[in-house]
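Visitor: I would like the atomic coordinates for the input below:
(2 chains)
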Amino acid sequence: MEFYETTEGRLGLRDIPPVLADLLRQIPHSGDRDSDEVEERFFPSPSHDPDEEGLRDDWRAHVEPELHGAFQSARLVVEADLRGMKEEDDGFAMEFSKGHAEAWLNALNQARLALVTQHRFSEDQLAGPRPDRIRNERDLALLQLTLYEYVQHWLVEVLEP
Amino acid sequence: MRIAGEVEEAPAQKTGEKSDRDLPWSVVVHNDPVNLMSYVTLIFRKVFGFAREKAERHMLEVHHKGRSVVWSGGREQAEFYVQQLHSHLLLATIERID
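Guide: Next up, the predicted model:
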């Protein structure tokens, strides 16, 4: 798989093996977004102070719906870009506007956070070696995390001021 | 030069009575094992306009010490920054500076 940037300001991935193309298509849907734990991680409290209940109430009423909309919007951008993925001789390929890079970063982060929360990966497991065989859903999630991290690293480089 | 974690200078307070909202507040970013170090650095630069070196210092402080005070000042601005950081899925809270 190769990442590239065109002179017209488009970002692309090519020579994507079919299995990785499938994992990329799962970015907008990865992890159990409806679980309380994932919800809690996506919408953390703005304060740990027990006296700040009023702030937490305001946050739930006004900020969380805004964040919910922003997260959904990022996923929709990525979903639309992914629909443009096409099969070529050496695997799959796709291009998207550089202006979508932030939405991609956000959607990838959502996917990684949801997967880590859902599968309860520890910090050591995340930093440790990846399984050499995919035997179950958990191993597959680790492969997904590795791929999404790889794409994020590239996008951060692209967006570096 | 400030070192990472040192509280940024807050804007001068107006004279007169001070409410809780007038007190300086800090924005604290907390560690989580998922967000990439390069991503956190990028977000600090984007949200606070930090130079790369300063953004990396704060990112490393979060990574090694579990938290970093990235900004301090008025309450409303602190809430705004926390919202910005949450929109990038970083763990951030506001704290009163006693």
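
Visitor: going forward, measure contacts and count neighbours with C-alpha atoms only.
Guide: Fine.

Visitor: Toward the C-terminus, what is the element adjacent to the helix or strand bottoming out on mean pLDDT in chain A?
Guide: The helix or strand of chain A with the lowest confidence, counting by mean pLDDT, DSSP states H and E, is helix A:123-127 at a mean of 84. Next helix or strand after helix A:123-127 toward the C-terminus (DSSP states H and E): helix A:137-159.

Visitor: Now do that following helix: everything it contacts.
Guide: Residues from elsewhere that reach helix A:137-159 (Cα atoms under 8 Å, 6 or more residues apart in numbering or on different chains): A:3, A:20, A:23-24, A:101, A:105, A:108, A:112, A:115, A:119, A:126, A:130-131, A:133-134, B:36, B:38-39, B:42.

Visitor: Over to stretch A:80-87?
Guide: For stretch A:80-87, contacts defined as Cα under 8 Å, 6+ apart pick out A:Leu24, A:Arg25, A:Phe92, A:Ala93, A:Met94, A:Glu95, A:Phe96.

Visitor: Check what pLDDT A:Glu37 gets.
Guide: With respect to pLDDT, A:Glu37 has a value of 90.

Visitor: That one touches A:Thr117, doesn't it?
Guide: Yes - using Cα atoms under 8 Å, A:Glu37 is in contact with A:Thr117, at 6.8 Å.

Visitor: which one of these two has more residues nearby?
Guide: A:Thr117 (21 against 15; other Cα atoms under 10 Å in any protein chain shown).

Visitor: So which elements touch the strand or helix carrying the more buried one?
Guide: Using DSSP H and E, A:Thr117 sits within helix A:101-119. Contact here means 3 or more Cα pairs under 8 Å, 6 or more residues apart in numbering or on different chains; DSSP states H and E; on that basis helix A:101-119 packs against helix A:36-42, helix A:64-83, helix A:137-159.

Visitor: mind listing the helices for chain B?
Guide: For chain B, the helices defined by DSSP state H occupy B:37-48, B:52-65, B:75-87.

Visitor: What is the burial count for the nearest residue to A:Ala93 once chain neighbours are set aside?
Guide: Spatial nearest neighbour of A:Ala93, excluding adjacent residues (Cα to Cα, 6 or more residues apart in numbering or on different chains): A:Arg14 at 4.1 Å. Other residues near A:Arg14 number 20, with proximity taken as other Cα under 10 Å.

Visitor: which ones are touching A:Arg14?
Guide: A:Met1, A:Glu2, A:Phe3, A:Gly91, A:Phe92, A:Ala93, A:Met94.

Visitor: The helix or strand hosting the third one: partners in the sheet, and parallel or antiparallel?
Guide: In other words, A:Phe3. Taking DSSP H and E as the criterion, A:Phe3 maps to strand A:2-5. Strands that pair with strand A:2-5, judged by DSSP bridges, come out as strand A:10-16 (antiparallel).

Visitor: May I see the buried residues of the partner strand?
Guide: Across strand A:10-16, burial judged by 16 or more other Cα atoms under 10 Å in any protein chain shown covers A:Leu11, A:Gly12, A:Leu13, A:Arg14, A:Asp15, A:Ile16.

Visitor: what separates the first one from A:Val158, distance-wise?
Guide: When distance is defined by Cα to Cα, to the nearest Å, A:Leu11 is 9 Å away from A:Val158.

Visitor: ok, now which ones touch the residue nearest the centre of chain A?
Guide: Residue closest to the mean C-alpha point of chain A, counted by Cα atoms, centre = their mean, is A:Leu108 at 1.4 Å. The neighbours of A:Leu108, taking Cα under 8 Å, 6+ apart as the test, are A:Ile27, A:Pro28, A:Tyr148, A:Glu149, A:Gln152.

Visitor: Closest to B:Gln84 out of those residues?
Guide: A:Gln152 (19.2 Å; Cα to Cα).
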